[in-house]
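1. Just the structure for this:
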Amino acid sequence: MSDYQDSRELKERVVEINRVAKVVKGGRRFSFTALVVVGDEVDRVGVGYGKAREVPLAISKAVEDGKKNLFTVTKHGTTITHEILGEFGAARVLLRPASEGTGVIAGGGVRAVLELGGVRDILAKSLGTTNPVNMLKATVQGLQSLRRPEEVAKARGKTIAEVLPLPKLEAAAEEESEAPAAPEPKPAAVAAEADGGEEQPDG
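-> Take a look at the predicted model:
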């Protein structure tokens with residue numbers, strides 16, 4: 001499986017390029033930083049950061065850094081398994097599952113991470129700073145914290161059906177709809193007969 005994953009073509013997307021200056025004795029030295037997202041648009045994605053005197057070199061360094069930080073996104077179909085709040089520094093990114101056909105509702109670098117991670121339907125909202133580096137790291141932290149129903153069920157010692165909320169609600173609704181049909185009239189009839197039987201000897 002790992003060989004197959006390694007053979008997938010990784011795509012890259014530049015999120016931000018920034019010019020930074022270092023003040024030295026002779027004046028200012030300018031260099032460039034690049035923030036890049038790398039992913040295969042299936043389930044693996046990584047964020048990289050590079051710095052160099054020229055833009056192309058900074059981007060290539062960021063791509064190499066991103067390849068070192070690849071991780072697998074936990075998904076359910078085309079969306080994520082559950083709602084999560086990713087946090088890094090002052091950045092907070094809320095990720096919420098969405099129904100099929102919704103698309104990626106996210107902005108800036110968050111969209112790049114989600115799309116290259118293979119997520120097709122999701123709602124995302126930034127709740128903290130708009131610093132692109134911290135926002136991307138918060139998104140990555142949220143995606144890495146996602147858990148599958150099987151993992152949660154195993155940890156709790158329960159079945160997957162007990163962990164998932166929807167099947168539980170549906171089962172409860174079915175029980176409620178079936179219950180009033182048969183058992184309720186019987187106790188009422190028995191009670192009436194019992195009352196009538198008791199009253200006759202007293203009279």
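
2. contacts and neighbour counts: CA atoms only from here.
-> Fine.

3. for this protein, what spans make up the helices?
-> Taking DSSP state H, the helices of the chain run over residues 2-7, 55-68, 108-116, 132-144, 149-156, 160-163, 165-178, 185-202.

4. Any stretches of this structure with poor pLDDT?
-> Scanning the chain for pLDDT under 70 picks out the ranges 1-7, 160-203.

5. In contact with the most centrally placed residue in it, which residues?
-> Closest to where the C-alpha atoms of the chain average out (C-alpha atoms, centre = their mean) is Ile80, at 4.3 Å. The contact partners of Ile80, by C-alpha atoms under 8 Å, 6 or more residues apart in numbering, come to Thr74, Arg96, Pro97, Val119, Ile122, Leu146.

6. Give the closest residue to the last one in space, chain neighbours not counted.
-> Computed as C-alpha to C-alpha, 6 or more residues apart in numbering, the closest residue to Leu146 that is not its neighbour in sequence is Thr74, at 6.1 Å.

7. from memory Lys61 sits against Gly50, does it?
-> Yes - at 4.8 Å, Lys61 and Gly50 qualify as touching, with contact defined as C-alpha atoms under 8 Å.

8. Count the residues that sit near Arg156.
-> Close neighbours of Arg156, defined as other C-alpha atoms under 10 Å, add up to 10.

9. ok, now how distant is it from Leu143?
-> According to C-alpha to C-alpha, to the nearest Å, Arg156 stands 22 Å off from Leu143.

10. residues near Arg29, how many?
-> 12.

11. Who are the contact partners of Arg53?
-> By C-alpha under 8 Å, 6+ apart, the neighbours of Arg53 are Phe30, Ser31, Phe32.

12. what's the answer for Pro97, then?
-> Thr79, Ile80, Thr81, His82, Glu83, Asp121, Ile122, Leu123.

13. So what sits opposite it in the bridge?
-> Ile122 (DSSP bridges).

14. Give me the contacts around stretch 28-37.
-> 12-23, 45-55, 58-59, 62-63, 66, 112-113, 116, 133.

15. same thing but 7 Å
-> Residues from elsewhere that reach stretch 28-37 (C-alpha atoms under 7 Å, 6 or more residues apart in numbering): 12-23, 46-55, 58-59, 62-63, 66, 112-113.

16. Which of these fall in strands?
-> Residues of the contacts of stretch 28-37 located in strands (DSSP state E): 12-23, 46-52.

17. Return the members of these classed as buried.
-> Glu12, Arg13, Val14, Val15, Ile17, Gly46, Val47, Gly48, Tyr49, Gly50, Lys51, Ala52 (16 or more other C-alpha atoms under 10 Å).

18. Could you find the closest non-adjacent residue to the first one?
-> Same thing as Glu12. Val38 is the one closest to Glu12 (C-alpha to C-alpha, 6+ apart), at 4.4 Å.
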